[in-house]
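Engineer: Sequence plus predicted model, see below.
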Amino acid sequence: MIQLKGIAAAGGISIGPAYKLGAEEFTVFKEPITWEDIPLQIQLFEEALIKTRREIIELQKRISLDMGQEEAQIFDAHLLVLEDRMLIEEVISRLKKEQLNVAYIFSEVLKKYISVFLKIEDEYLKERTADINDVGKRILRNLLGKEKKGLGEIKEKAVIVAHDLSPSETVAMHTKNVAAFVTDIGGKTSHTAIMAKSLEIPAVVGLETVTSKVNPGDLIIVDGTSGVVIIDPDEATLSSYRQKLESLKGFTEKFLSVKDLDSVTTDGRQVLINANIEFPDEVPSVKLHGSQGIGLYRTEFFYMNRRDSPTEEEHYQAYKYVAEEMNPHPVIIRTLDIGGDKFLSQFRIPHEMQPFLGWRAIRFCLARPDIFKLQLRAILRASVHGNLKLMYPMISGVEELKQANALLEEAKEELRKKGQVFNDKIKVGVMIEVPSAAMTADILAKEANFFSIGTNDLIQYSLAVDRANEKVAYLYEPAHPAVLRLIRTVIDAAHQAGIKVGMCGEMAGDPSLALILLGLGLDEFSMPPQVIPELKYIIRAVSYKDSQNFADEIMKLSTGTEVEEYAQEKVAKILK
Ligand code: PEP
Ligand code: MG
């Protein structure tokens, strides 16, 4: 039995067999061969090259049809690698000299090529490393006679074990047999962790060495609430976790008993408890958990795991469905937020040194009005089917907000010209997730109908801590006094200007911080649907007056740890 401690990313307990994703895909064993085997090994190599060439040409054709010639041209570089005489000859001559299996020889030659390219000063040539790596992996896969391994292969409810998972890989778990997942790297509010919550899959990230400790098929316990992972548990541990699973059900029932009641304090302050979603098909879960609306609909997941971009009609149909299903409750659609840790192959965003500080979210949309306005038109058209609002991510100052609003006006004009109906008075909000926006909230409030504080980013930018990096995760503190002061500034500025302020970062769904946020005057909390009942339970158990006094005391503390401890103590009493 091995016990590991990582970062608790998505709550709940799961027990299941391990399914290692990616890691063993290219494990190449070194096997001696005889002189007589050499012709066959060369033949295998040639066949793999031909198969790879066919695959790439096929891919190139599809991309050219879907996205155009220019995009398809990137594969020319891949084809050139396949024809590289030096590489091919080196493989064949080493094969003859060393008399080892061709897959092993090829993987060694590939490694050498990559390390040589990485050392080259020329940036262009350095970037070719990715091409070589990509084609090299294809050749290896074909040499090993393996098809790309994917989640589709999972037959029973398994625990996914991976070095890392991209948000798009996590999205692919949506309909698969996944009981939980654990990864070597990652942070609490990485989009992979957020996806796990929305899929209701317990997850622990940042375990550093889990992939090297687990063998495929090992039984694993994943406690996504405490961040503990147990590999190959003994009988006593297994039965204690099975009991924990049972008692967890009891707790859930207590919270579920209030899920359809108002989120109102004992002295009558009404707040809104809303849900965050990534997919329209989460709406039933949103309703089931007693949400009063959708406070954040992250639309970028719509663009993932597909080769083309969604059309205006596809956007429209998705938003219309959500608006109608939730009507009369509000639905806040967040416009496309890519970049950072979310990439879309369609748009070919260049590799950046600091993607979270780079061409992301509204910055990308303002530079690509074609993509932005297509989405805005769809949101506007869907706005007649329910209570839709829209908000922009990552606004850093009022100029960006004005530019975005100008494009919104253009999108409206385009619809008017076509005689299409929309709600001209649609409410437009600003996500406050950059410290400069928080500090100028009073200025932004004059141009916005509402605010929504995106603490996942606000924390990473204000504390200078990469939200997806397990090495610095200990510094990622929602309860840090600097974060709380920024939040207070934003809430006060919004109320001064007479607009409402919500929060849609993960912090809004943290039961131990709920009282502080309530006391600071937050109007709306938006969170993964499953935590809604617990948050409602807490809000209904306290008075606004008490929470204000509590927030006043909290604001006098000097560290995040002090705040966290004091807040946990207080909430534990309520939940007892
Ligand atoms: C946030 O930053 O808090 C937020 C809600 O947006 P995202 O997590 O999608 O970056
Ligand atoms: Mg954000």
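Structural biologist: Noted; the coordinates are in hand. Residues are numbered from 1 along each chain as shown. Ligands and ions are numbered 1, 2, ... in the order given.
Engineer: count of neighbours near the one residue in the stretch 101-250 of the chain that gets nearest to ligand 1?
Structural biologist: Nearest residue of the stretch 101-250 of the chain to ligand 1, counting by C-beta to the nearest ligand atom: I194, 5.8 Å away. Yep, even glycine has a C-beta here, placed from its N, CA and C like the rest. Neighbour count for I194, taken as other C-beta atoms under 10 Å: 24.
Engineer: hang on, it in a strand?
Structural biologist: No. Judged by DSSP: H, G, I helix; E, B strand; the rest coil, I194 forms no part of a strand; its state is helix.
Engineer: From ligand 2, how far out is the nearest residue to it once chain neighbours are set aside?
Structural biologist: Closest residue in space to I194, ignoring its immediate chain neighbours: E506 at 7.0 Å, by C-beta to C-beta, 6 or more residues apart in numbering. Distance, E506 to ligand 2, using C-beta to the ion, to the nearest Å: 10 Å.
Engineer: got the contact list for E506?
Structural biologist: 188-189, 194, 197, 455-456, 478, 527-528 (C-beta atoms under 8 Å, 6 or more residues apart in numbering).
Engineer: what about it, distance to Q496?
Structural biologist: 27 Å (C-beta to C-beta, to the nearest Å).
Engineer: What of F279?
Structural biologist: 37 Å.
Engineer: So between those two, which is more surrounded?
Structural biologist: A count of neighbours by other C-beta under 10 Å puts F279 above the other of F279 and Q496, at 19 against 11.
Engineer: Shouldn't E121 be within a helix?
Structural biologist: No. Read with three-state DSSP, E121 is coil and lies in no helix.
Engineer: since we're on it, how many residues are nearby?
Structural biologist: 6.
Engineer: Repeat that for S166.
Structural biologist: 17.
Engineer: What of E470?
Structural biologist: 21.
Engineer: who's in contact with K5?
Structural biologist: Contacts of K5 by C-beta under 8 Å, 6+ apart are 207, 227-229.
Engineer: which of those residues lies closest to L344?
Structural biologist: Of all the contacts of K5, L344 sits closest to L207, with 27.8 Å by C-beta to C-beta.
Engineer: Around ligand 1, which positions in the protein sit nearby?
Structural biologist: Proximity of the chain to ligand 1 (C-beta under 6 Å from any ligand atom) is limited to residues 194, 296, 298, 337, 433, 454-457, 504-505.
Engineer: Spell out which residues of the stretch 401-550 of the chain are next to ligand 2.
Structural biologist: 433, 454, 457 (C-beta under 5 Å from the ion).
Engineer: And for the first one, the neighbour number?
Structural biologist: Going back to what we said before, that points to E433. 26.
Engineer: unless I'm mixing things up, it is touching L458, no?
Structural biologist: Yes. Proximity of E433 to L458 meets the contact threshold set by C-beta atoms under 8 Å, at 4.8 Å.
Engineer: can you list residues touching both of those two?
Structural biologist: G505.
Engineer: for this protein, which helix is longest?
Structural biologist: helix 38-67 (DSSP state H).
Engineer: which helices and strands sit right next to that helix?
Structural biologist: helix 69-72, helix 74-82, helix 85-98, helix 102-119, helix 123-143 (3 or more C-beta pairs under 8 Å, 6 or more residues apart in numbering; DSSP states H and E).
Engineer: Nearest to L344, out of those?
Structural biologist: Here helix 69-72 is closest among these (C-beta to C-beta), at 12.6 Å.
Engineer: what does the chain put close to ligand 2?
Structural biologist: Near ligand 2, when you scan the chain using C-beta under 5 Å from the ion, you find 433, 454, 457.
Engineer: now do 6 Å
Structural biologist: Taking C-beta under 6 Å from the ion as the contact definition, the chain meets ligand 2 at 393, 433, 454, 456-457.
Engineer: now those as CSV including distance to Q69 and pLDDT?
Structural biologist: Conversion of the residues of the chain next to ligand 2 to CSV gives the following (distance: C-beta to C-beta, whole Å; pLDDT from 0 to 100):
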residue, distance to Q69, pLDDT
P393, 32, 98
E433, 38, 98
G454, 38, 98
N456, 38, 97
D457, 37, 97
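Engineer: which one of those residues has the most neighbours?
Structural biologist: Top of these by neighbour count (other C-beta under 10 Å): G454, with 30 neighbours.
Engineer: So it is in contact with Y392, correct?
Structural biologist: No. Assessed by C-beta under 8 Å, G454 is found out of contact with Y392, at 10.8 Å.
Engineer: overlap in contacts of these two?
Structural biologist: M431.
Engineer: what stretches of the stretch 101-250 of the chain score poorly on pLDDT?
Structural biologist: Low-confidence segments of the stretch 101-250 of the chain (pLDDT under 70): 122-128, 130, 146-153, 155, 167-169, 171-172, 174-176.
Engineer: since we're on the closest residue in space to M439 that isn't next to it in sequence, how many residues are nearby?
Structural biologist: With sequence-adjacent residues excluded and distances taken as C-beta to C-beta, 6+ apart, M439 is closest to T489, at 6.9 Å. Neighbour count of T489, defined by other C-beta under 10 Å: 17.
Engineer: Which elements pack onto the helix or strand harbouring T489?
Structural biologist: Element membership of T489, judged by DSSP states H and E, is helix 481-496. Contact partners of helix 481-496 among helices and strands, from 3+ C-beta pairs under 8 Å, 6+ apart: helix 435-439, helix 441-445, strand 450-453, helix 455-463, strand 500-503, helix 514-520, helix 560-575.
Engineer: Can you say which of those is packed in most?
Structural biologist: For the helices and strands packed on helix 481-496, the largest average neighbour count (mean count of other C-beta atoms under 10 Å) is found in strand 450-453, namely a mean of 27.
Engineer: That one - what's its average pLDDT?
Structural biologist: Averaging pLDDT along strand 450-453 gives 98.
Engineer: which of the residues in stretch 87-102 are buried?
Structural biologist: Neighbour-count burial for stretch 87-102, counted by 16 or more other C-beta atoms under 10 Å, picks out 87-88, 90-92, 94-95, 100-102.
Engineer: May I have the secondary structure class of whatever residue of the stretch 1-150 of the chain ends up closest to ligand 1?
Structural biologist: Residue of the stretch 1-150 of the chain nearest ligand 1, by C-beta to the nearest ligand atom: A9 (12.9 Å). At A9 the chain is in strand, as set by three-state DSSP.
Engineer: Around it, how many other residues sit close by?
Structural biologist: Residues near A9, counting by other C-beta under 10 Å: 28.
Engineer: Need the pLDDT of it.
Structural biologist: What the model reports as pLDDT for A9 is 91.
Engineer: Excluding chain neighbours, what is closest to V228?
Structural biologist: Using C-beta to C-beta, 6+ apart, the closest residue to V228 is K5 (5.9 Å).
Engineer: Output the longest strand belonging to this structure.
Structural biologist: strand 13-20 (DSSP state E).
Engineer: Determine the set of other helices and strands touching it.
Structural biologist: strand 158-162, strand 178-183, strand 219-223, helix 235-256.
Engineer: May I see the contacts of E506 organised as CSV, with distance to R540 added?
Structural biologist: Listed next are those as CSV, based on distance: C-beta to C-beta, whole Å:
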residue, distance to R540
K188, 27
T189, 27
I194, 26
K197, 23
T455, 23
N456, 26
P478, 23
M527, 16
P528, 19
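Engineer: In space, what's closest to I88 - neighbours in sequence excluded?
Structural biologist: Nearest to I88 is L49, by C-beta to C-beta, 6+ apart, at 7.5 Å.
Engineer: What's the separation between the one you found and V102?
Structural biologist: For L49, the distance to V102 - C-beta to C-beta - is 11 Å.
Engineer: same deal with L21?
Structural biologist: Computed as C-beta to C-beta, the L21 to V102 distance reads 26 Å.
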